[in-house]
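Undergrad: No sequence on hand, only this structure:
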């Protein structure tokens, strides 16, 4: 490590599935929403890192919504994005899924909020450098 340079470490958290409410057995997520161009660039970055969870397009088609673990909205602060508690999940066959739920899991896999934040920042930098920003 270099001296004089702050080192940021992410706390190790065991990989656990999203919280499930016992009453209705419904998986809970929060939703991070960004503009379409910004979101699609972030999806590409996350897919290259093999870190992209379920992603859907909003009903109006003007934004991309990333599913993140419940509780993320309490500490999400990133310009150009909004994080809201809860998520309206689409049926698995709906064409608005950009990255649909897959595999044997009965619930969509959320994107890690820390990794998503990094990808959104990188996407904003890429879009700005390409003359497509500011967001």
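TA: Sure, I can see it. Here the structure is a predicted model, which means the values were calculated and not measured.
Undergrad: Sketch out the low-pLDDT regions of this protein for me.
TA: The model of the chain has pLDDT under 70 over residues 1-27, 104, 106, 133-135.
Undergrad: And the strands in it, which stretches?
TA: Under the criterion DSSP state E, the chain contains strands at 29-35, 55-57, 63-69, 81-85, 97-99.
Undergrad: The third one pairs with which strands, and in what direction?
TA: Spelled out, that is strand 63-69. strand 29-35 (antiparallel), strand 55-57 (antiparallel) (DSSP bridges).
Undergrad: May I see the buried residues of the longest helix seen in the chain?
TA: For the chain, the longest helix by residue count, based on DSSP state H, is helix 113-129. For helix 113-129, the neighbour count (16 or more other C-beta atoms under 10 Å) marks 113, 115-120, 123-124, 126-127 as buried. Yep, even glycine has a C-beta here, placed from its N, CA and C like the rest.
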